[in-house]
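Undergrad: requesting a structural model of the entry that follows:
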Amino acid sequence: MVENRPFLNFLAHLVLILGVTIVIFPVYIAFVASSHGPNDFLSGVVPLVPGPHILENYSTMLSSGMTSSGAPPIGPMLINSLIMAVGVAVGKIAISILSAFAIVYFRFPFRTLAFWMIFITLMLPVEVRIVPTYKVVADLGMLNNYGGLIIPLIASATATFLFRQFFLTVPDELMEAARVDGAGPMKFFRDILLPLSVTNIAALFIILFVLGWNQYLWPLIVTTDQSLYTVVMGIQRMAAVADAEPRWNLVMAAVILAALPPVLVIVAMQRLFVKGLVETEK
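TA: The predicted structure follows:
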């Protein structure tokens, strides 16, 4: 029996509204700033009401960008970030689900040791691996191309662990039934495990897509060609102007445009995302 307590309901809604306000308010400020002219920020006070320059600012970012800051138009940077984010997410999921499949369903020596060696890599920060990784990428001639941006980031111990834990919950009877029907390992994987893993794949895809989209340090190291700049690199160059004040109205317009693709991915896949996070039985 659920008790109806008006005060607790009011308190719960108040906390939710406050939380949403705290999260949304910076985004609103960025949108307002992107609609004003450059001189509106000289006083150091950010307006709270949208201005009249919204179309001008966004068209400037999409057409010419801020060439004075070394940043190309934001359109190509968005495409580069999209290619990198999709490549990282798909690569991580493909390698992780196959690794987990091998660890759970194949019997080979040191299989548990192999899993824990993969899992231990979670304790190694990116900064520890970045110098040797850069050396390998440079020796392979993968600087300033999409392969150098994506391939070094497609291994994921976290995703391997999550897929392994899910595969351990799949009843053994399914594997035995598939074996009786004459299905080989890959047919069992393709026809049974993959359909059962759709919600998990969707949830991981969203998380890994956002992770790949927000990458800054690795693209900064392996990319010097402007045609391969990601949007996060471009925003940093716009904001870090050496000899002049940053044009914050254009920087905020770039921030809003950069936030749209991850938001659209989350909105489009939110049902699968929530289901993949909360579903415990298949």
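
Undergrad: CA atoms only: put stretch 172-179 into PDB for me.
TA: Provided in PDB are the C-alpha atoms of stretch 172-179 (Å, rounded to 0.1, in the frame of the first residue of the first chain):
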ATOM      1  CA  ASP A 172      22.800 -22.500 -20.100                       C
ATOM      2  CA  GLU A 173      19.700 -24.200 -21.600                       C
ATOM      3  CA  LEU A 174      19.800 -21.700 -24.500                       C
ATOM      4  CA  MET A 175      23.400 -22.700 -25.400                       C
ATOM      5  CA  GLU A 176      22.500 -26.400 -25.000                       C
ATOM      6  CA  ALA A 177      19.400 -26.000 -27.200                       C
ATOM      7  CA  ALA A 178      21.400 -24.200 -29.900                       C
ATOM      8  CA  ARG A 179      24.000 -27.000 -29.800                       C
END
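
Undergrad: for that stretch, which positions count as buried?
TA: For stretch 172-179, burial by neighbour count (16 or more other CB atoms under 10 Å) applies to 175, 178. Yep, even glycine has a C-beta here, placed from its N, CA and C like the rest.

Undergrad: ok, which stretches of the chain are strands?
TA: Per DSSP state E, the chain carries no strands over any range.

Undergrad: now Tyr134: how far from Gly234?
TA: Tyr134 sits 21 Å away from Gly234, going by CB to CB, to the nearest Å.

Undergrad: of these two, give the one with the bigger neighbour count.
TA: Gly234 (28 against 16; other CB atoms under 10 Å).

Undergrad: residue ranges in the stretch 151-282 of the chain under the pLDDT threshold?
TA: 241-244, 276-282 (pLDDT under 70).

Undergrad: that one: helices as residue ranges?
TA: Under the criterion DSSP state H, counting those that start in this stretch, the stretch 151-282 of the chain contains helices at 157-169, 172-180, 185-188, 194-196, 198-213, 217-222, 231-239, 248-268, 270-278.

Undergrad: looking at those, which is closest to Val104?
TA: Nearest to Val104 among the helices of the stretch 151-282 of the chain is helix 157-169 (4.3 Å), distances taken as CB to CB.

Undergrad: angle of that closest one against helix 198-213?
TA: Counting by axes from the mean of the first three to the mean of the last three CA atoms, to 10 degrees, helix 157-169 points 180 degrees away from the direction of helix 198-213.

Undergrad: packing partners for helix 157-169?
TA: helix 74-105, helix 111-120, helix 198-213 (3 or more CB pairs under 8 Å, 6 or more residues apart in numbering; DSSP states H and E).

Undergrad: redo that, cut-off 6 Å
TA: helix 74-105, helix 111-120 (3 or more CB pairs under 6 Å, 6 or more residues apart in numbering; DSSP states H and E).

Undergrad: can I get stretch 39-57 as PDB, trimmed to CA atoms?
TA: Taking C-alpha atoms only, stretch 39-57 is exported to PDB below (Å, rounded to 0.1, in the frame of the first residue of the first chain):
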ATOM      1  CA  ASN A  39      30.300  44.200 -27.100                       C
ATOM      2  CA  ASP A  40      27.600  43.000 -24.700                       C
ATOM      3  CA  PHE A  41      30.200  41.200 -22.500                       C
ATOM      4  CA  LEU A  42      32.700  44.000 -22.000                       C
ATOM      5  CA  SER A  43      31.100  44.900 -18.700                       C
ATOM      6  CA  GLY A  44      31.700  41.400 -17.400                       C
ATOM      7  CA  VAL A  45      27.900  40.900 -16.800                       C
ATOM      8  CA  VAL A  46      26.200  38.200 -18.800                       C
ATOM      9  CA  PRO A  47      22.600  39.200 -20.000                       C
ATOM     10  CA  LEU A  48      19.800  36.900 -18.900                       C
ATOM     11  CA  VAL A  49      17.500  37.700 -21.900                       C
ATOM     12  CA  PRO A  50      18.200  36.500 -25.400                       C
ATOM     13  CA  GLY A  51      19.500  39.100 -27.800                       C
ATOM     14  CA  PRO A  52      18.900  39.900 -31.500                       C
ATOM     15  CA  HIS A  53      22.100  38.500 -33.000                       C
ATOM     16  CA  ILE A  54      21.200  34.800 -32.800                       C
ATOM     17  CA  LEU A  55      20.900  34.100 -36.500                       C
ATOM     18  CA  GLU A  56      24.000  36.200 -37.300                       C
ATOM     19  CA  ASN A  57      26.200  34.400 -34.700                       C
END
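
Undergrad: sounds good, over and out.
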